[in-house]
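S.K.: no sequence for this one, just the structure:
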């Protein structure tokens, strides 16, 4: 690792000796979900530091300095988002945690909640202090029952220990006379744990808020943005589980430490997820800017069969053809945008050579069709109805070349025309599959059978 | 399966009802809608018409509104599901790990197709979308519990348990950084600062074996 005179090069590889696993330090460790385990390893020190030694503005500035970008998929700068909150005006303010992880290929937040729930509570406490919100809302997807139980128990533990509730980190007056430190009332903060019930759309922030309020989870019109009118129409900031967990370490070790990892536009450490036919799939924590090759080969052990494409960040991100150039790309927000894709949640799915691309995309499309909320016409008609039917026709061997042209046109017309990003999430990967694998579509319509027949990968 | 009675579900559970309502701010009573539905469904394996009326009245919305909410979410059931509700993920990563074959095996084993419950009320089968278990696919959710990396052999074991009337205990499948063996443990130094264990940057590959962790169910 070469270094320039006074400023060391940023850490962009997990094999950099300066790198250490941070977010997933406790994940996979037996008993790590208890308060006792967490506190014995320095847990809640960052929250104490934030609440007793830092002003809310200082916390926000530290997060801004860290360069943390939202880990839910969109990559919006977290500190900037926090600063959008209106001035304190006596209204209730909310900090919301989006734990509705449901983008196919993403499974990092589940383990964070199951094995390290206190890290998330601490992050929410710090964020609540930063934006002066006294109520936190933790919205966990309905299927994550173990995570829900662990969070429920952890919240109860934190309440019992005075880490949630009235006067968190309150102090008694100390000393006498001129040298006395006055009593601090502490910070009032508690978390409402809310369980979803199986709807991908709840990952969209305003749909999540509707769901929390006991409504159908249709997205809301923006603006107003959540900072102006969020939960119950009140000022709200919403972040992803991993973002909150990152904040704990940013406060503890400083924004500059966090920014020493990563690339120009993407800082810090990130949880990447690897699935598909590879030797060792799973969640791997790596510094931003690490390459696909490092994830897939060095950590994941490489594909178990020849691969032809990879999906870089959850099924909504456009796939990239498998090549040495692709594998050497750094996994950061800017690079993915440059090559016409997105980092998304960092959920990498390897697509093997033997998997028919049309079949794979039909699967992706069916997912978004199933999850479309039906509120707006382009998505209801395009994503939920037409596209899956077209794929059905193709896979039945009844498609024509004209159908392919029609599908490409439909996908173009879907882009940017729907009420929320769900339609784009469906249209983008389809467009990318046409761009890179149109030959497979053509083979299917010309021969009435896929180029790659179905093979079983089910283990005995 | 017990016949539902007309006695209101929350009549003899005032503390539970109050605890749920008290979770939310006074202006947010409607937020209790989904938690109340969850309570009913966990007890009765579905949310019947009478229960829906009761819940609507508690939170102060019309039955139509409550029904609208209930029908939006795929995990609320209008009709009772069986003792073992089998939910098999069919989304891309699980598909690449054999999810389609797993579903077909479930069809053969139970004689059901997705959406059906057998006459005895033992099994319900349902195809579901991504369960967030992509690294440990294919995944089969039995009631609240994930069973991951379900092989053909493992599936046979699961059915042996279920047919004997027992809730199968999951093996906690791990992968990537979820394997504790190569975890860098931070320990507290005497002066209160944190230091890293000497082997802190170990990135030795996990071997993909699973940790047995009972009691998750």
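M.R.: Perfect, thanks for sending it. Note that the structure is a prediction, hence the values are computed from the model and not measured. Residues are numbered from 1 along each chain as shown, chains lettered A, B, ... in the order given.

S.K.: check chain B for the residue nearest chain A and tell me.
M.R.: Residue nearest to chain A within chain B (CB to the nearest CB): residue B:176, separated by 2.2 Å. (Glycine included, C-beta is placed from N, CA and C.)

S.K.: who does the residue nearest to that residue when sequence neighbours are not counted bridge with?
M.R.: Distances taken as CB to CB, 6 or more residues apart in numbering or on different chains put residue A:282 closest to residue B:176, at 2.2 Å, once the chain neighbours are dropped. In this entry, residue A:282 is beta-bridged to residue A:274, by DSSP bridges.

S.K.: can you pull the contacts of residue A:282?
M.R.: Listed by CB atoms under 8 Å, 6 or more residues apart in numbering or on different chains, the contact partners of residue A:282 are A:273, A:274, A:300, B:135, B:136, B:174, B:175, B:176, B:177, B:178, B:179, B:206.

S.K.: let's have the residues you listed in CSV, adding secondary structure and pLDDT.
M.R.: Formatted as CSV, the contacts of residue A:282 follow (DSSP: H, G, I helix; E, B strand; the rest coil; pLDDT from 0 to 100):
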residue, secondary structure, pLDDT
A:273, strand, 98
A:274, strand, 98
A:300, coil, 96
B:135, helix, 96
B:136, helix, 96
B:174, coil, 82
B:175, coil, 86
B:176, strand, 90
B:177, coil, 90
B:178, coil, 86
B:179, coil, 82
B:206, coil, 39
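
S.K.: of the residues you listed, buried ones?
M.R.: Among the contacts of residue A:282, the ones that count as buried by 16 or more other CB atoms under 10 Å in any protein chain shown are A:273, A:274, A:300, B:135, B:136, B:174, B:175, B:176, B:177, B:178, B:179, B:206.

S.K.: relative to residue A:35, which of those residues is nearest.
M.R.: residue B:178 (20.9 Å; CB to CB).

S.K.: for stretch A:322-338, give me every contacting residue.
M.R.: Taking CB under 8 Å, 6+ apart as the rule, stretch A:322-338 contacts A:12, A:69, A:75, A:262-266, A:270, A:272, A:286, A:288-293, A:295-297, A:307-310, A:312-313, A:317, A:320, A:339, A:342-343, A:346, A:348, A:351.

S.K.: the lengthiest strand in chain A pairs with which strands, parallel or anti?
M.R.: The longest strand of chain A (DSSP state E) is strand A:187-195. Partner strands for strand A:187-195, per DSSP bridges, with pairing direction: strand A:135-140 (parallel), strand A:165-168 (antiparallel).

S.K.: tell me how many other residues crowd the spatially closest residue to residue B:56 that is not a sequence neighbour.
M.R.: The shortest distance from residue B:56 to any non-neighbouring residue, by CB to CB, 6+ apart, is to residue B:66 (4.0 Å). The number of residues packed near residue B:66 is 25, by other CB atoms under 10 Å in any protein chain shown.

S.K.: which strands and helices lie in contact with the helix or strand where residue B:66 lies?
M.R.: Residue B:66 belongs to helix B:63-72 when assigned by DSSP states H and E. When contacts are defined as 3 or more CB pairs under 8 Å, 6 or more residues apart in numbering or on different chains; DSSP states H and E, helix B:63-72 sits against helix B:33-44, helix B:49-59.

S.K.: how about JSON lines for these, with mean neighbour count and mean pLDDT added?
M.R.: Output for these, formatted as JSON lines (neighbours: other CB atoms under 10 Å in any protein chain shown; pLDDT from 0 to 100):
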{"stretch": "helix B:33-44", "mean neighbour count": "19", "mean pLDDT": "97"}
{"stretch": "helix B:49-59", "mean neighbour count": "18", "mean pLDDT": "96"}
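
S.K.: now do the contacts for the residue of chain B closest to chain A.
M.R.: Residue B:176 neighbours (CB under 8 Å, 6+ apart): A:273, A:274, A:280, A:281, A:282, A:283, A:284, A:299, A:300, B:135, B:206.

S.K.: bridging residues for it?
M.R.: residue A:283.
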